[in-house]
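Undergrad: coords please:
(chains A and B)
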Amino acid sequence: MDRAPPGRAPSLIDLDGGRFEVPGRISVIVFTRSDCPISNRYAPDVRRLYEEYHPRGVEFYLVYVDPSETPDAIRRHLREYDYPCPGLRDPKHELVKHCGATATPEAVVIGADGALTYRGRIDDRFADVGQPRAVPTTSDLAAAIAATLAGRPVATPRTEAVGCLIADVKE
Amino acid sequence: MPWQQRRRWRSPGRWPRAAALLILLLATGGVYYFTRSGVTYARDVAPIVQARCASCHRPGDAAPFSLLTFDDVHKRARQIVEVTQRRFMPPWLPELGHGTFAHDRRLSDAELATLKRWAETGMAPGDLSRVPAPAAAVDRWESDPPDLVLETPDFQLAAGGGDVFRNFVVRTGLDQPRWVRSIELRPTNLRVTHHARLGVDATNESPRRDAEDPAPGYDGMAWGQDPDGQLVIWAPGMSPAPDTPGVAWRLFPHSVLVLHAHLQPSGKAEAVRFRVGIRFAQDAPERYPAILRLGSCDVDIPAGAKRHVITDSYTLPVDVDLRGIFPHAHSLCQSLSLDAELPDGKREPLISIPKFDENWHDLYRYRTPVRLPRGTKLVSTFTYDNSDGNPRNRHRPARRVAYGSNADDEMADVYLQVTPTHEDQRAALMEDYRRYELKAQLTGHGRTLDLHPDNPWSKEAVAACYVGLGQPSKAVAMLEERLRSGQREVFPVTSLGMALLLNGDTAGAEAKLREAVKLDRDYPLAWLGLGKTLAVRQEYAEAESAVAKAVELAPGNMDARLSLADLLLRRGALDRARAACQAALADAPDASAVYLKLAEIDGKEKKYADALGRCSAAQRLAPYTHPPRVLLALICLSNSDVETAVQLLREARGESPRHPMPVFVLGQLARQHRRWDQAAELLAAAGDLPMPDNWPASHQQRFQTSLHRERLLLGEQTKNQDLMRDALMRLLQLDPNNARLKQMLGDLPAAKP
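TA: Now for the predicted structure:
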């Protein structure tokens, strides 16, 4: 298993332009962009995970990786897809690089100590771009959150995310 | 793009090149931003993207994002390279060299290489002012504005959950029949629309189901029938609908359109609605296509099978021109092909899809129609992966999958859009094809029933196949079983009544059909069945009111209209019978059978000139029917006017001396009037004449049976045992299991050597 990067996660930008530090609590970050259909199809799944784990003290953040997406467009997107969690921006891909994310949607779980316990897909609904399964056969992100909450090591700490390539929206 | 420039200059290894480039820019007036490769968006990439991608990747169209501008493309460059290299995009499944199709979207190797080099060498914009304006688009019809635009109501699709199959009823408001030249479907919400297909329903069944469901439309896979000879489909990236001159189909005023939509939740609750744009043709078409569904329904794939192959074949009974092809299978299908084995031994590949993907269905249209001569054997081959290793397998663990139209089932269909090369052979083609199709369906529904023995719909479908194949006793048994184990619904009870009627049990049929109209007083087919049954039982008055009720409930049902006219004719209500026919013709001006019915009515009043005109019209519309004078002669005979009949038959024989029908009927009349020599001569002559090649197989069979029965009777009456023996042997060839014929042949003394 590759080591979680040491040190605190780089800060993000909130929708009012301020700096945002990932708090020292168990946090789930989902990298996304509003024009990625695969990300969008996961909105209800993210909401379900939020409803299950936020009451148990897990923070959820959507991190928009496309530098050209304006705070207004992001607010509209959050509203349209009924996301319950805050949206943040990572226009310089500092957090993207810190976590090693490559595609949207890709999720990371950060422990209370700031260590990365999981990075990868939400589940395996998409075997590949344009190849959705009828039903997902794994629930990787949920399993990772549950393990982190319980203080156990995550059984599969790295999976490959299928979606829109983040490298395409570099500043 | 300032940031674009900045990024390039920041690359330290390129300084010397940058300097060279600067000199070049100065020298050329500075309009190009060259990269190492010299590939630019403006000159090299934009033409490819605009031609191959932008017809879907534009705002409001099928693709989830646009690829219209430099920024759009730049922002997806790596992803574009990845998906084009894998040939996932643009979606184009047919293999090169297996059929030549219009609208081929395949990227050439050179185009693929250009995209890759551009993405890998800095993504230079080039002179963006030289890029042609992207195709406008969006909410626009493919070609000229439609003559009639109809809409479904808004349907609210939930944010999540599984796929939804929804059927929306669309009323046309037409007050007269029209020829349709083309139809376009336009979903308002492309994010959630997987595909849509348009059917036509004249039975009133879909409005009934729509009314039962409080939300707009109703769920399921039953949405009427494809319009005559057409597949009207919207799917993302599908080739534009063609507007072939001289080809059109008839839309009747009492039919409704049923839009069948496969919807996929997008992540948020969404409203979706469909627009249907219809363009009418002014004139009747010169020709119209037919749809043949080929491929085995004998689909039964064992759990875990990695490579399960299903093949099938159909031999064409007449020459056809193949215009389009629409292969269809579900998620387990890996590859498919259709080949033509021509009568001269050559093999012509018609289509091959080496990597099938159910998300990209298309009606592939041949650039020029492919002529397939009579005797051509069409061979389809499908392969399936029903193992756990197939990510698209809907079942974990894998389980046995059989034939069916639900997403969980599998299919192996190839729809062919053909026109008979000789229009008068259409009936021969369709009859032959129909038997093939019914046998295939019987096998397929039998498989489904095997897997789900309690499935009531499979039992009903199996019974319908038996009826179509002329095996009503098997249909009766299946429907009785269906009704023993399931709910007593109006459809199976009606079907059982009709099967009993066909099986000769008129009392049983009457009882079932009376039960059916009690179960649902608004079900037109139950009333029609009851009317037909009562007519056979010679209870004409009640029969008439039952059939009139069917016509009232389903005015588009031509069978009901004709039955009503027939009953009125039998009851001697000639004016009302004529009015019923005229009403039917107002809706369906080209219904051959209605003209024949009018001829019968005229014949009753001895208006032979009028009747002959009607017979000519009937024969023109259905060229395989008998010559007009023969048709009229048969009407005269049913009115016991032998003299006129004989005169007409002689005229008919003079007009078409090679047609066996006038000769045969004259021979029959001669026998009935005990002119033995003349009868023998005429019947022999009728047997020597070739049967017209536009006669469907059932016509040929019926004619042969009538001819040899006549010869048998003549043999009996003239004590000519050789003639009897020959006629019996011919009849046994046609009906090998007929015990009575065998008995008669056995009773004859052996032939003299």
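
Undergrad: now the residue positioned nearest the centre of chain A, what's its secondary structure?
TA: Central residue of chain A (CA atoms, centre = their mean): residue A:30, 1.3 Å from the mean position. Following DSSP: H, G, I helix; E, B strand; the rest coil, residue A:30 is assigned to strand.

Undergrad: list the contacts for it?
TA: By CB atoms under 8 Å, 6 or more residues apart in numbering or on different chains, residue A:30 lies in contact with A:39, A:42, A:46, A:60, A:61, A:62, A:63, A:105, A:106, A:107, A:122. In this view, the C-beta of every residue, glycine as well, is placed from N, C-alpha and C.

Undergrad: These: which ones sit near chain B?
TA: Contacts with chain B within the contacts of residue A:30, counted by CB under 8 Å from any CB of the partner chain: residue A:42.

Undergrad: Share the number of residues neighbouring the residue nearest to residue B:185 when sequence neighbours are not counted, please.
TA: Closest residue in space to residue B:185, ignoring its immediate chain neighbours: residue B:234 at 3.8 Å, by CB to CB, 6 or more residues apart in numbering or on different chains. Look at residue B:234: counted by other CB atoms under 10 Å in any protein chain shown, it has 23 neighbours.

Undergrad: Which members of the contacts of residue A:30 occur in strands, if any?
TA: A:60, A:61, A:62, A:63, A:106, A:107 (DSSP state E).

Undergrad: after the helix of greatest length in chain B, next one along is what?
TA: For chain B, the helix with the greatest residue count under DSSP state H is helix B:426-451. Next along the chain after helix B:426-451, taking DSSP states H and E as the criterion, comes helix B:456-468.

Undergrad: what is the mean pLDDT for the helix or strand following that next one?
TA: Tracing the chain past helix B:456-468, the next element assigned as helix or strand by DSSP H and E is helix B:472-485. The average of the pLDDT scores along helix B:472-485 is 94.

Undergrad: any idea how far the spatially most central residue of chain B lies from residue B:381?
TA: In chain B, the centroid-proximal residue (CA atoms, centre = their mean) is residue B:291; its distance is 4.2 Å. Distance, residue B:291 to residue B:381, by CB to CB, to the nearest Å: 21 Å.

Undergrad: Partner strands of the helix or strand bottoming out on mean pLDDT in chain A and their direction?
TA: One helix or strand of chain A scores below all others by mean pLDDT, DSSP states H and E: strand A:131-132, with a mean of 79. Strand A:131-132 has the following strand partners under DSSP bridges: strand A:126-128 (antiparallel).

Undergrad: ok, now which ones touch residue 80?
TA: No chain in the question, so chain A it is. residue B:268.

Undergrad: other chain: chain B
TA: With CB under 8 Å, 6+ apart, residue B:80 has these contacts: B:67, B:73, B:89, B:115, B:119.

Undergrad: The closest residue to the first one other than its chain neighbours: neighbouring residues, count only.
TA: Same thing as residue B:67. Spatial nearest neighbour of residue B:67, excluding adjacent residues (CB to CB, 6+ apart): residue B:57 at 3.8 Å. Look at residue B:57: counted by other CB under 10 Å, it has 25 neighbours.

Undergrad: Return the distance of residue B:57 relative to residue B:186.
TA: 17 Å.

Undergrad: ok so, going back, export the contacts of residue A:30 to TSV and append columns for pLDDT and distance to residue B:723.
TA: TSV is the format used below for these (pLDDT from 0 to 100; distance: CB to CB, whole Å):
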residue	pLDDT	distance to residue B:723
A:39	93	84
A:42	93	82
A:46	96	87
A:60	98	94
A:61	97	97
A:62	97	92
A:63	98	95
A:105	97	85
A:106	98	88
A:107	98	89
A:122	97	84
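
Undergrad: out of the contacts of residue A:30, which are buried?
TA: A:39, A:42, A:46, A:60, A:61, A:62, A:63, A:105, A:106, A:107, A:122 (16 or more other CB atoms under 10 Å in any protein chain shown).

Undergrad: closest to chain B among the residues you listed?
TA: residue A:42 (6.6 Å; CB to the nearest CB).

Undergrad: residues contacting the closest one?
TA: A:30, A:105, A:122, A:125, B:267.

Undergrad: Which pair of these spans the longest distance?
TA: Within the contacts of residue A:42, A:30 and A:125 form the most distant pair, 14.2 Å apart (CB to CB).

Undergrad: tell me the secondary structure for the residue lying farthest from the centre of chain A?
TA: Most distant residue from the mean C-alpha position of chain A: residue A:134, 22.9 Å away (CA atoms, centre = their mean). The assignment at residue A:134 comes out as coil when based on three-state DSSP.

Undergrad: So it versus residue A:107, what's the distance?
TA: In terms of CB to CB, residue A:134 sits 22 Å off from residue A:107.

Undergrad: list the helices and strands the particular helix or strand that has residue B:514 in it packs on?
TA: Using DSSP H and E, residue B:514 falls within helix B:506-519. Where contact means 3 or more CB pairs under 8 Å, 6 or more residues apart in numbering or on different chains; DSSP states H and E, helix B:506-519 is packed against helix B:490-502, helix B:524-536.

Undergrad: The residue farthest from the centre of chain A contacts residue B:391, correct?
TA: No - with contact defined as CB atoms under 8 Å, residue A:134 does not reach residue B:391; the gap is 9.5 Å.

Undergrad: mean confidence score for the helix or strand hosting residue B:402?
TA: Using DSSP H and E, residue B:402 sits in strand B:401-402. Strand B:401-402 carries an average pLDDT of 92.

Undergrad: Show me what secondary structure element comes after that strand.
TA: Heading C-terminal from strand B:401-402 (DSSP H and E), you reach strand B:413-420.

Undergrad: List the contacts of that following strand.
TA: B:229-231, B:247, B:287-295, B:318-329, B:336, B:338, B:351, B:363, B:369, B:372, B:378, B:380, B:426, B:429.

Undergrad: Residue B:59: what secondary structure?
TA: Per three-state DSSP, residue B:59 ends up coil.

Undergrad: In chain A, mark out all the helices, start to finish.
TA: Counting by DSSP H, the helices of chain A are A:37-41, A:43-53, A:71-80, A:94-99, A:140-150.

Undergrad: closest one to residue B:180 among those helices?
TA: helix A:37-41 (34.1 Å).

Undergrad: Any regions of the chain where pLDDT drops low?
TA: No chain in the question, so chain A it is. Low-confidence segments of chain A, defined by pLDDT under 70: A:1-7.

Undergrad: wrong one, chain B
TA: Using pLDDT under 70, the flagged stretches of chain B are B:1-37, B:135-140, B:223, B:239-246, B:752-753.

Undergrad: Write out the residues of it neighbouring chain A.
TA: Close to chain A, as judged by CB under 8 Å from any CB, chain B has residues B:3, B:64-65, B:71, B:75-79, B:82-83, B:88, B:159-160, B:191, B:265-269, B:331, B:357, B:359, B:391-394, B:396, B:407.

Undergrad: let's go with 6 Å and repeat that
TA: Residues of chain B found near chain A (CB under 6 Å from any CB of the partner chain) are B:64-65, B:75-79, B:88, B:159-160, B:267-268, B:391, B:394, B:396.
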